[in-house]
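Visitor: A structural model of the following input is requested.
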Amino acid sequence: MRTLARRRVALFIALPATAVAVTGFAIAAAGVATAGTMSTSGPTIAMTISNDTDLPMVLAGSSNPYGQWIQAPSDYLAPHSSQIVKAFSTDPNGVEVDATYSLPGGAQAVFRADNYSNTTDVDGTRVDADYGHAYGISSWIDSGYPNMNAGYHLYGHP
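Guide: A predicted model of the protein is given here:
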């Protein structure tokens, strides 16, 4: 009898502890999926890049000359999918990044962000090369220096 009572007490204690641990993991995982920047000792950039076309995007190059990647651009972005690219700099003056993707037909999409104490912009975001007229990029800035959040949608013209 005493063994059965001990098992019930152990089960009574273990179940709530397990539920709290599972809830904590779920909350932590939900926080990772946001577009917000991670805290660092300097300015940050978080870029949400969405491929709203029926065609894939393949990374042709990326640049982060004054900082480091927290989450670098992926090599491939499938049709109708998104990614979050994150970067930071230890230089308090700012950071700038770009990611260039090749598109079917020879075009290239350039996603650019500048986050400096005197300016925050997405200037330089564009579609270049052959058949560039078949695509467009809408871009916007949700927050500026020191923690920039920007969004980009690549779309195909009808």
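
Visitor: The residue nearest the centre of the chain pairs with what?
Guide: In the chain, the centroid-proximal residue (C-alpha atoms, centre = their mean) is Ile84; its distance is 1.3 Å. Beta-bridge partners of Ile84, counted by DSSP bridges, are Thr48.

Visitor: Tell me the spacing between the residue lying closest to Pro104 once chain neighbours are set aside and Thr48.
Guide: For Pro104, ignoring the flanking residues on the chain, the nearest one in space by C-beta to C-beta, 6 or more residues apart in numbering is Leu55 at 4.8 Å. For the C-beta atoms, the positions are set from N, CA and C on the backbone; glycine is no exception. The gap separating Leu55 from Thr48 is 19 Å, by C-beta to C-beta, to the nearest Å.

Visitor: Same check on Asp54?
Guide: Note on Asp54: its distance to Thr48, by C-beta to C-beta, is 20 Å.

Visitor: Gly151 too?
Guide: Counting by C-beta to C-beta, the gap from Gly151 to Thr48 is 5 Å.

Visitor: for Gln108, same thing?
Guide: Applying C-beta to C-beta to Gln108 and Thr48 gives a distance of 19 Å.

Visitor: Who is the closest residue to Gly124 other than its chain neighbours paired with across the strands?
Guide: Excluding the flanking residues, the one nearest Gly124 by C-beta to C-beta, 6+ apart is Arg112, at 3.8 Å. Under DSSP bridges, the beta-bridge partners of Arg112 are Asp98.
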